[in-house]
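1. okay, here's the prediction I keep looking at, along with the sequence it came from:
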Amino acid sequence: MDALELARKLQEEATCSICLDYFTDPVMTSCGHNFCRECIRLTWEKAKGRKGGRKRKGSFPCPECRELSPQRNLRPNRLLTKMAEMARQHPDFQSRDLCAVHQELLKLFCEDDQIPICVVCREAREHRPHRVVPIEEAVQEYKEKVKEQRRRIMVEFEKVSLLLLEEEQRLLQALKAEDEEVGARLRESSATLERQGHSLEMLLLQLEDRNEHSPLQMLQDMKELLNRKNSLSVQYPEVTPTVLRTVCRVPGQIEVLKSFQEDVVLDPTTAYPYLLLYESRQRRYLTTPLEGALHSKERFLAYPCAVGRETFSSGRHYWEVGMNLTGDALWALGVCRDNVSRRDRVPKCPENGFWVVQLCKGKKYMPSASAPTPVTLAEPPSHMGVFLDFEAGEVSFYNLKDGSHLHTYAQQQFSGPLQPFFCLGAPKSGQMVISTVTLWVKG
């Protein structure tokens, strides 16, 4: 007999047949059956009121065998008290191992209903047509499925890792080739300028040397020098663009970031008085230009800005912004500290609590004036993603049109809670779309 069967047997012996729970202060009748003292007392109390319930004065039928047993003959069963206490504390037996309906061990597994059942349930009409296997066999099958799934996960991630490694090598090779190409063109331009500079320097030396000759000799040599000067063609090298053609684009990265996507909700109480917010689902404006709005401490007054209601002080968060902007648009988006200055015009840089990208007059797309290497794009993106990793101290920006990475701010840690930040420029500079809210500056 295994430990579970032993535990079950102990449970059966230590259970009162009246209350179906472990014995409490068990007593034995003269016929040898055991019950909780309170259970047998209540049973006999009920029997007093029944017609013909009492067969002899002071005697009552046993609930198990119906034999008459004098009430005064009830004897405490100390051994059963100890057994009941052992059953309560037995670590190998839990109620979850028993069928809730039949109080039998759950030895079988119904594959149709995906639940464990007992042998009595197996014969019931509900489970009779189903495929039923021993629970040990079902556990083994489950372990095999887990093992196979683990193998598949490892194989698929290995494939993705290989593809990412190949793409990484391709991008690095493309960047190296671009570096060598631009370097070669710059070196060629430098060499051309150096040769032309040497020729001009030699001509200048000859002119200075002729300056020491007699006037007649100078006039005689001038024709030759002028011919040499006219034959010397100064060629300016072609402009070599320094904007990188190779972009950082990791396959599947945007899909991974979308697992952290937030439904960012703009806070109308923080919006610049003439920054209009229109909710498309509600078909109404969330803000209107009001004179009283100038008195709000939460409202931006220096720029047409607004922030999200969410305040992030931990975790990873991602949101997307759509843009329909004109060529002369001035805008910025990213995150800001929740306590940034909202009434003063300050540079939008990390030192002032802003981690943003900006577009200046449709030409430059830069993190901030203090950033060492501004990010320059050929054209402004129409759809951008912002990813905040608070614990890592990073804010990253992505062009969702091609999935390319644009810029990442990285620092040791953020000094306080952050909020999504949005800013538009002058009237007629275009629109931003955050979730279902469109914002623009009233003209």
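-> Arrived safely.
2. return the helix or strand in the protein with minimum mean pLDDT.
-> Using mean pLDDT, DSSP states H and E, strand 364-366 stands out as the lowest-scoring helix or strand of the chain, at a mean of 51.
3. Leu400 reaches Gln253, doesn't it?
-> No. The criterion here is C-beta atoms under 8 Å, and Leu400 misses it with Gln253 at 10.9 Å. C-beta: built from backbone N, CA, C; applies to glycine.
4. and the pLDDT for the residue nearest the centre of the chain?
-> When C-alpha atoms, centre = their mean is applied to the chain, the residue found nearest the centroid is Phe260 (2.6 Å). Reported pLDDT at Phe260 in the predicted model: 94.
5. any figure for the gap between it and Arg170?
-> Distance check for Phe260 against Arg170: by C-beta to C-beta, to the nearest Å, it reads 27 Å.
6. next secondary structure after the least confident helix or strand of the chain?
-> With elements assigned by DSSP states H and E, the helix or strand that comes after strand 364-366 is strand 383-389.
7. alpha carbons of that next one, as CSV, please.
-> Provided in CSV are the C-alpha atoms of strand 383-389 (Å, rounded to 0.1, in the frame of the first residue of the first chain):
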residue,chain,number,x,y,z
HIS,A,383,4.5,57.5,-37.7
MET,A,384,6.9,57.3,-34.7
GLY,A,385,7.3,54.9,-31.7
VAL,A,386,8.6,55.9,-28.3
PHE,A,387,10.0,53.3,-25.9
LEU,A,388,10.8,54.0,-22.3
ASP,A,389,12.8,51.5,-20.2
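8. mean confidence (pLDDT) on it, please.
-> Per-residue scores along strand 383-389 average to 94.
9. give me the number of residues near Val433?
-> Other residues near Val433 come to 17 when the count uses other C-beta atoms under 10 Å.
10. so it, which of the three states?
-> strand (DSSP: H, G, I helix; E, B strand; the rest coil).
11. for it, give me the pLDDT.
-> At Val433, the pLDDT value in this model is 93.
12. which strand residues bridge it?
-> Gly322, Thr438 (DSSP bridges).
13. my guess is it meets Asn324, correct?
-> Yes. Taking contacts as C-beta under 8 Å, Val433 lies within contact range of Asn324: 7.5 Å.
14. for the protein, which helix extends over the most residues?
-> Looking across the chain with DSSP state H, the single longest helix is helix 135-210.
15. what about the helices in the stretch 301-443 of the chain?
-> Read by DSSP state H, counting those that start in this stretch, the stretch 301-443 of the chain holds no helices at all.
16. residue ranges in the stretch 51-200 of the chain under the pLDDT threshold?
-> For the stretch 51-200 of the chain, the stretches with pLDDT under 70 are 51-57, 90-96.
17. list the contacts for Leu277?
-> Leu277 makes contact with Leu266, Pro268, Ala271, Tyr285, Leu286, Thr287, Ala306, Val437, Thr438, Leu439, according to C-beta atoms under 8 Å, 6 or more residues apart in numbering.
18. can you pull the contacts of the fifth one?
-> So the one you mean is Leu286. Shown in contact with Leu286 (C-beta under 8 Å, 6+ apart): Leu266, Pro268, Ala271, Leu277, Tyr278, Glu279, Val437.
19. can you report how many residues neighbour Val335?
-> 25.
20. OK, contacts around the residue nearest to it when sequence neighbours are not counted?
-> On the basis of C-beta to C-beta, 6 or more residues apart in numbering, the spatially nearest residue to Val335 that is not a chain neighbour turns out to be Leu418, at 4.4 Å. Residues in contact with Leu418 (C-beta under 8 Å, 6+ apart) are Thr311, Phe312, Ser313, Val335, Cys336, Arg337, Asp338, Trp355, Leu388, Phe390.
21. now do the contacts for the nearest residue to the first one once chain neighbours are set aside.
-> On the basis of C-beta to C-beta, 6+ apart, the spatially nearest residue to Thr311 that is not a chain neighbour turns out to be Pro417, at 4.6 Å. Applying C-beta under 8 Å, 6+ apart, we find Pro417 in contact with Thr311, Phe312, Ser313, Arg337, Asp338.
22. let's see it at 6 Å
-> Contact analysis of Pro417 by C-beta atoms under 6 Å, 6 or more residues apart in numbering lists Thr311, Ser313, Asp338.
23. now it: how far from Glu262?
-> Separation of Pro417 from Glu262 (C-beta to C-beta): 15 Å.
24. and what of Ser199?
-> Computed as C-beta to C-beta, the Ser199 to Glu262 distance reads 64 Å.
25. re the thing from before, the longest helix of the chain: how far from the chain's middle?
-> Taking the mean of its C-alpha atoms, helix 135-210 sits 29 Å from the chain's own mean (C-alpha atoms, centre = their mean, to the nearest Å).
26. ok, now stretch 121-134?
-> Distance of stretch 121-134 from its chain centroid, counting by C-alpha atoms, centre = their mean, is 43 Å.
27. likewise for stretch 16-36?
-> In terms of C-alpha atoms, centre = their mean, the centre of stretch 16-36 is found 58 Å from the chain centre.
28. may I see the buried residues of it?
-> Cys16, Tyr22, Phe23, Pro26, Val27, Met28, Thr29, Ser30, His33, Asn34, Phe35, Cys36 (16 or more other C-beta atoms under 10 Å).
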